[in-house]
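**Student:** fold the following for me, if possible:
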Amino acid sequence: MIKTKQNDKKATAFRKGWLRLDPQHQEVVKNAIMQVLEVKTYASFLNYKNGKREMKKSQANEVEAIFANYNVNDIWGMY
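**Tutor:** Numbers count the residues shown, from 1 in each chain. So this is what the prediction gives:
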């Protein structure tokens, strides 16, 4: 789950989960996450992935569910 500390800028990054994802699933997962986050550009997707933008709790739960479909459960953080 997302940490809420102000000091931890990367708490909302899901890069850690992305790195654990099989490369063959990355395109499908990216598209699903972009739909959940309602973003249209890859640059916007990267801002969320790297924790530069914070998502709503409901969106975070959906992102966790997407990763869980691919057996990736510990997704929050950079590494």
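**Student:** and stretch 41-49, which residues are buried?
**Tutor:** Neighbour-count burial for stretch 41-49 flags 45, 47-49 (criterion: 16 or more other CB atoms under 10 Å). Quick note: C-beta positions are derived from backbone N, CA and C, even for glycine.
**Student:** just the mean pLDDT for it, thanks.
**Tutor:** Stretch 41-49 comes out with an average pLDDT of 98.
**Student:** what's the answer for stretch 68-79, then?
**Tutor:** 95.
**Student:** tabulate the CA atom coordinates of that stretch in PDB.
**Tutor:** Taking Å, rounded to 0.1, in the frame of the first residue of the first chain, the C-alpha atoms of stretch 68-79 are listed here in PDB:
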ATOM      1  CA  ALA A  68      -1.400  -8.800  -8.700                       C
ATOM      2  CA  ASN A  69      -2.800 -10.400 -11.900                       C
ATOM      3  CA  TYR A  70       0.800 -11.000 -12.900                       C
ATOM      4  CA  ASN A  71       1.900 -12.300  -9.400                       C
ATOM      5  CA  VAL A  72       3.800  -9.000  -8.600                       C
ATOM      6  CA  ASN A  73       2.700  -7.900  -5.100                       C
ATOM      7  CA  ASP A  74       5.300  -5.600  -3.600                       C
ATOM      8  CA  ILE A  75       5.200  -2.800  -6.100                       C
ATOM      9  CA  TRP A  76       5.600   0.500  -4.200                       C
ATOM     10  CA  GLY A  77       9.000   2.200  -4.300                       C
ATOM     11  CA  MET A  78      11.800   2.700  -6.700                       C
ATOM     12  CA  TYR A  79      13.800  -0.600  -6.300                       C
END
